[in-house]
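Asks: Sequence plus predicted model, see below.
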Amino acid sequence: MILCAVAVRFLRMGKLQNTFSWSFSSAADFDECRRRRYWSKYGMWGGWEKNASPEQKKAYQLNKMDNCWGLMGQAAENTIMRVLRQHQAGNPITAEEAFETVARPFLRQKWTESKRGEWKTNPKQFCCLREHYYGTLGDEKTIAEQMSSQIKNCIANFIAKVLPRIGTVTREQELPIKTADTGGDSENILFKGVKMYVIPDYAYRIDGQFHIHDWKAGKIKASHREQLGLYALWAREKFRAKPEETFLYVEYLNEGQVAPFQLTPEDFERLEAQIEDSIAEMTEYLVDFNREKNEPQPKDEWELAADPDSCKNCNFYELCREELGT
């Protein structure tokens, strides 16, 4: 699953507030480029308002931007969940049927929205692909074929290798997971008083044991283990799951591999210390170190990426281009 950071929005005296929060993806952005975190959390805030500044509006638009491989992951995840639901309902479908009924229409719609520039009227509603926006796509037919091939492979591997392991799980055994698509605030817990967004892909409880799966349509990465560790923390805080009762699975769909593991109490301690350190670093970029007010230091205080070459792969490249001198 491609994990992203969402600002907490709630009504306080009739005005939306940008509150301090933490997530795996926001920490990754912050570590790679402080400025990217500024744009995605603060620079874009209020960019949807009619009276927003041009910079706010641009940051908001770029913050909603997607990319081809992120879109591919979404298509794969949407499709395998349809496969699972059909299986649970007693109406199994083939990989080809799943691709044609879910993935292909999804990809076609998003691709068309992006190419037509429909996002210009509503960047939140319509897809804008970074490759289209910055003109870095290359050969469109080749990219489309690569995406389709990889999605089909992910679906086939899910049916052959994952479904036999989870196919008997019932809807009643599944743990509820709130996402942006379900309305309201996405899945979160409080960690040391800080709202932490933690959104597993699939989780269930059987005989007192908790099983949490994360779908990965892309490459194998060491950081995925850390990401799933947060899901174990989520299960502990939300369902009082003990370490020995919690089983984690990184499902590498394209490779047809699974990486199962558990966290020890010592692992939890290390993970919590890492999160606290990350929160503390982010707090240093707030005025008076005040997370309650959550007012950012001036933009220039948020450093650009140490590796300028990485900037061309960032959604916010346009906003930093002049400063980068490129």
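Replies: Nice, I can see it. Just so it is clear, the structure is predicted and the values come from calculations on it, not from any experiment.

Asks: From here on, just use CA atoms for contacts and neighbour counts.
Replies: Fine.

Asks: Now for residue 158: which residues touch it?
Replies: Taking Cα atoms under 8 Å, 6 or more residues apart in numbering as the criterion, residue 158 is in contact with 80, 253, 256.

Asks: Compile those residues into CSV and extend it with columns for secondary structure and pLDDT.
Replies: Shown next, in CSV, are these (DSSP: H, G, I helix; E, B strand; the rest coil; pLDDT from 0 to 100):
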residue, secondary structure, pLDDT
80, helix, 98
253, coil, 98
256, coil, 96
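
Asks: Kindly indicate which of the residues you listed lies nearest residue 69.
Replies: Nearest to residue 69 out of these is residue 253 (Cα to Cα; 14.1 Å).

Asks: roughly how far apart are that closest one and residue 193?
Replies: The gap separating residue 253 from residue 193 is 36 Å, by Cα to Cα, to the nearest Å.

Asks: Looking at those two, which is more packed in?
Replies: The residue with more neighbours, out of residue 253 and residue 193, is residue 253; 29 against 8, by other Cα atoms under 10 Å.

Asks: ok, and the closest non-adjacent residue to that one?
Replies: The shortest distance from residue 253 to any residue other than its chain neighbours is 4.6 Å, reached at residue 154 (Cα to Cα, 6 or more residues apart in numbering).

Asks: Am I right that the one you found sits in a helix?
Replies: Yes: assessed by DSSP: H, G, I helix; E, B strand; the rest coil, residue 154 belongs to a helix.

Asks: per-residue confidence averaged over stretch 127-144?
Replies: Confidence for stretch 127-144, expressed as mean pLDDT, is 95.

Asks: no, scratch that, I was asking about stretch 94-106
Replies: 98.

Asks: circling back to that earlier point, next, the contact list for the residue nearest to residue 253, please.
Replies: When contacts are counted by Cα under 8 Å, 6+ apart, residue 154 is found next to 76, 217, 253, 254, 255, 256.

Asks: Go through these and name the one nearest residue 272.
Replies: Distance to residue 272 across these (Cα to Cα) is lowest for residue 217, with 27.6 Å.

Asks: Now stretch 234-249 - C-alpha only, PDB.
Replies: Extracted as PDB, the C-alpha positions of stretch 234-249 are listed here (Å, rounded to 0.1, in the frame of the first residue of the first chain):
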ATOM      1  CA  TRP A 234      -2.300   0.500  16.200                       C
ATOM      2  CA  ALA A 235      -3.700  -2.900  17.100                       C
ATOM      3  CA  ARG A 236      -2.200  -2.600  20.600                       C
ATOM      4  CA  GLU A 237      -3.700   0.900  21.200                       C
ATOM      5  CA  LYS A 238      -7.100   0.300  19.600                       C
ATOM      6  CA  PHE A 239      -7.800  -3.400  20.400                       C
ATOM      7  CA  ARG A 240      -5.300  -4.100  23.300                       C
ATOM      8  CA  ALA A 241      -3.500  -6.600  21.100                       C
ATOM      9  CA  LYS A 242      -0.400  -8.100  22.700                       C
ATOM     10  CA  PRO A 243       2.800  -8.500  20.800                       C
ATOM     11  CA  GLU A 244       2.600 -12.300  20.900                       C
ATOM     12  CA  GLU A 245      -1.000 -12.100  19.500                       C
ATOM     13  CA  THR A 246      -0.200  -9.900  16.600                       C
ATOM     14  CA  PHE A 247       1.000 -11.200  13.200                       C
ATOM     15  CA  LEU A 248       2.100  -9.000  10.400                       C
ATOM     16  CA  TYR A 249       2.400  -9.700   6.700                       C
END
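
Asks: Please enumerate the strands of the stretch 151-300 of the chain.
Replies: Along the stretch 151-300 of the chain, counting by DSSP state E, counting those that start in this stretch, strands occupy 188-191, 194-197, 202-206, 209-216, 246-252, 257-261.

Asks: Export those strands as JSON lines, with columns for distance to residue 26.
Replies: Putting the strands of the stretch 151-300 of the chain into JSON lines (distance: least, Cα to Cα, whole Å) gives the following:
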{"stretch": "strand 188-191", "distance to residue 26": "14"}
{"stretch": "strand 194-197", "distance to residue 26": "10"}
{"stretch": "strand 202-206", "distance to residue 26": "21"}
{"stretch": "strand 209-216", "distance to residue 26": "18"}
{"stretch": "strand 246-252", "distance to residue 26": "20"}
{"stretch": "strand 257-261", "distance to residue 26": "24"}
